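A.B. asks: coords please:
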Amino acid sequence: MKKPVLVVMAAGMGSRYGGLKQIDPIDKEGHIIMDFSIYDAVRAGFEKVVFIIKRENEQAFREAIGDRLSKQIEVAYVFQELTNLPEGYRVPEGRVKPWGTGHAVLSCIDEIDGPFAVINADDYYGVHAFKMAYDFLTSEQEKEDVYHYMMVGYRLENTLTENGHVARGVCVTDEEGHLIKINERTHIEKHDGGTAYTEDDGKTWTMLPQGSIVSMNMWGLTPDFLDVLENGFKEFFEKEVPGNPQKAEYLIPIFIGELLEQGKMSVKVLKTNDTWYGMTYHEDVAAVKDSFKKMLADGVYKADLFADL
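C.D. replies: Purely as a prediction, here's the structure:
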């Protein structure tokens, strides 16, 4: 069985809060969130990482991240490019927006020939998540008519910010912990002592139960998924792009949701109690730095991060 590869989506660098957020140091030693992700991944067993980046950011990314991390893990780069389309398709005139996370992962098709995990570059997933992902991807999967994949699920309250609202995919699972569907909620925030979402700019709110499980885009997949994803992208181009040529996006959670509805795949939701950290807003940086300071003080990590590997 081939060893799992870690795929890191890093093409959308810093578009949400101003600045190349993946490169913002979060501790005194100058580590960034991705250093901790790679450290946790290597400890879990991963030996190769594929970074999905923009071609124009390659040199800056190598200098800030890749060259340093290549001492710890095998590093490969692929480029997410607007023009990377199936044969016979063309970029709509005036389109500048990338095609989304599904298209980003398709960029890796020549670098992956075994199971792989997918994460966002700028998010902290926790020690437990990488171990669960690696263990799942190295377990023997029974050959059936249905594809078997994995998603790490986080408690909603462990993914919120104090600085505004967030978008989250709220998961519905069956009794055995398999994903039934993902309800995309684009405006979730702390509200009335709990957590709630609104779909009408705050006129009405719907409370979400404590402990609701959400997807933070950490998936465990197999190479056959890339073929399915490629076929889905062609379908997306024919059905979605004509109606919204400038902004239509091909997103992994939505595509997986469609496959679930069709009964073509099974996704095991592996729950973690770890806190997810991200920097959705510039104001989040200070809180994230404080959290890592505490983890260092508690011995979760050492100041000399990679010294014990």
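A.B. asks: and the closest residue to Arg55 other than its chain neighbours, what does it touch?
C.D. replies: Excluding the flanking residues, the one nearest Arg55 by C-beta to C-beta, 6 or more residues apart in numbering is Phe79, at 4.4 Å. For the C-beta atoms, the positions are set from N, CA and C on the backbone; glycine is no exception. By C-beta atoms under 8 Å, 6 or more residues apart in numbering, the residues touching Phe79 are Ala11, Ile52, Ile53, Lys54, Arg55, Glu58, Ser107.
A.B. asks: Show the pLDDT at the fifth one.
C.D. replies: If you check Arg55, the pLDDT there is 91.
A.B. asks: Looks like it contacts Glu81 (just checking).
C.D. replies: Yes. The pair Arg55 / Glu81 is scored as a contact, 6.4 Å apart, by C-beta atoms under 8 Å.
A.B. asks: Comparing the two, which residue is more hemmed in?
C.D. replies: More crowded of Arg55 and Glu81, by other C-beta atoms under 10 Å: Glu81, with 16 against 12.
A.B. asks: which residues touch that one?
C.D. replies: Lys54, Arg55, Ser107.
A.B. asks: redo that, cut-off 10 Å
C.D. replies: Ala11, Lys54, Arg55, Glu56, Val91, Pro98, Trp99, His103, Ser107 (C-beta atoms under 10 Å, 6 or more residues apart in numbering).
A.B. asks: gap between the closest residue to the first one other than its chain neighbours and Leu106?
C.D. replies: Once flanking residues are discounted, Ala11 sits nearest to Gln80: 4.1 Å by C-beta to C-beta, 6+ apart. Computed with C-beta to C-beta, to the nearest Å, the distance linking Gln80 and Leu106 is 9 Å.
A.B. asks: Mind listing the shared neighbours of those two?
C.D. replies: Ile52, Trp99.
A.B. asks: picking up where we left off before, most neighbours, which of the contacts of Phe79?
C.D. replies: Neighbour max across the contacts of Phe79 (other C-beta under 10 Å) = Ile53, 26 neighbours.
A.B. asks: how about the strands of this structure, start to end?
C.D. replies: 5-9, 48-53, 74-79, 116-120, 123-124, 147-155, 166-173, 179-191, 194-197, 206-208, 213-221, 265-272, 277-278 (DSSP state E).
A.B. asks: Go through these and name the closest to Glu29.
C.D. replies: Proximity to Glu29 (C-beta to C-beta) singles out strand 123-124 among the strands of the chain, at 15.8 Å.
A.B. asks: That concludes my questions; thank you for your assistance.
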